[in-house]
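> could you work out the structure for the sequence below:
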Amino acid sequence: MAKFGKRTRAAREAFAGKSDLSVEEAVTLIKANANAKFDETIEIALNLGVDPRHADQMVRGVVGLPNGTGKSVRVAVFARGPKADEATAAGADIVGAEDLMEAVQGGKIDFDRCIATPDMMPIVGRLGKVLGPRNLMPNPKVGTVTMDIKEAVEAAKGGQVQFKAEKGGVVHAGIGKLSFDEAKLVENVRAFVGAVSKAKPTGSKGTYMKKIALSSTMGPGVTVEVDNAVTE
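Residues are numbered from 1 along each chain as shown. This next block holds a predicted model:
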């Protein structure tokens, strides 16, 4: 049987018997019992009643968290000419075309978000097997294939979060840092859950949002009452 340290045991005891809390109660509990030596990320996981293997049950989208994520996002942009200049001016970390494609093919992926102008998609399309599994493939549905490069880069840098249902119908994301005020974390949680709720696919049958859980990077998780977290 695994042995846990004093801090881990104390955190587990604090969470014992607690479930289906309000968003406010869950955030308070997590902040009070997080004890890592770094600014942990507050993470959310949603168990959805969908099977993403079916196209009409795929859940994906993007949401701009009102208080950002607290994380520095590295943005790569596939663009040429004036649009490449626009990307650089907007704060993109990497800008390129064929040279960027070759770097990615060589295994160099030094970015967290990938944006492309529509004319670059024939090049970017060759990277599907590399970028797809990492959820980095540009997609017009989430605003990462666009001519408005400035807005896309600024949104990515400003706390925009992409989400996509994984195998088993689970959606997860980081929605802030432990150092955030409780009210800001609560606001971010509700914004994220609201976006996933609105992204309900046409093929979803029965209960769509089955379970919501919050945790810190190193801490235990606690479930949140679904009706409390969903605000239409």
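> below-threshold pLDDT in this protein: ranges please.
Within the chain, the stretches with pLDDT under 70 are 1-12, 17, 232.
> show me where it has its strands.
Residue ranges of the strands in the chain, as given by DSSP state E, are 41-48, 60-64, 75-78, 94-96, 113-116, 160-164, 170-177, 209-216, 221-224.
> tell me which of these sits nearest to E13.
Closest approach to E13 among those is made by strand 221-224 (13.0 Å; Cβ to Cβ). All C-beta spots, glycine's among them, are computed from the backbone N, C-alpha and C.
> before we move on, the earlier item: just put the strands of the chain in CSV and tack on mean neighbour count.
Shown next, in CSV, are these (neighbours: other Cβ atoms under 10 Å):
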stretch, mean neighbour count
strand 41-48, 22
strand 60-64, 17
strand 75-78, 27
strand 94-96, 21
strand 113-116, 26
strand 160-164, 20
strand 170-177, 21
strand 209-216, 20
strand 221-224, 20
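> longest helix in the protein, please.
helix 182-198 (DSSP state H).
> for that one, which positions count as buried?
For helix 182-198, a neighbour-count test (16 or more other Cβ atoms under 10 Å) marks 184-193, 195-197 as buried.
> quick one: the helices in this protein?
Under DSSP H, the chain gives helices at 6-15, 23-33, 81-90, 98-105, 121-124, 128-131, 149-157, 182-198, 226-229.
> direction-wise, compare the second one with strand 209-216 and give the angle.
Pointing back at helix 23-33 there. Interaxial angle, helix 23-33 versus strand 209-216 (axes from the mean of the first three to the mean of the last three Cα atoms, to 10 degrees): 30 degrees.
> for helix 23-33, packing partners?
helix 6-15, helix 182-198, strand 209-216, strand 221-224 (3 or more Cβ pairs under 8 Å, 6 or more residues apart in numbering; DSSP states H and E).
> try the fourth one
The criterion is 3+ Cβ pairs under 8 Å, 6+ apart, and the helices and strands that helix 98-105 contacts are strand 75-78, helix 121-124, helix 128-131.
> centre-most residue in the protein?
Nearest residue to the geometric centre of the chain (Cα atoms, centre = their mean): A173, 3.7 Å.
> residue contacts, that one?
E43, I44, V161, F163, F192 (Cβ atoms under 8 Å, 6 or more residues apart in numbering).
> in the sheet, who's paired with the second one?
Going by DSSP bridges, I44 is paired in beta bridges with A173, L214.
> any idea how far it lies from S216?
I44 sits 11 Å away from S216, going by Cβ to Cβ, to the nearest Å.
> out of the helices and strands packed on helix 98-105, which is closest to V104?
helix 128-131 (5.8 Å).
> buried residues in the closest one?
Buried residues in helix 128-131, counted by 16+ other Cβ under 10 Å: V130, L131.
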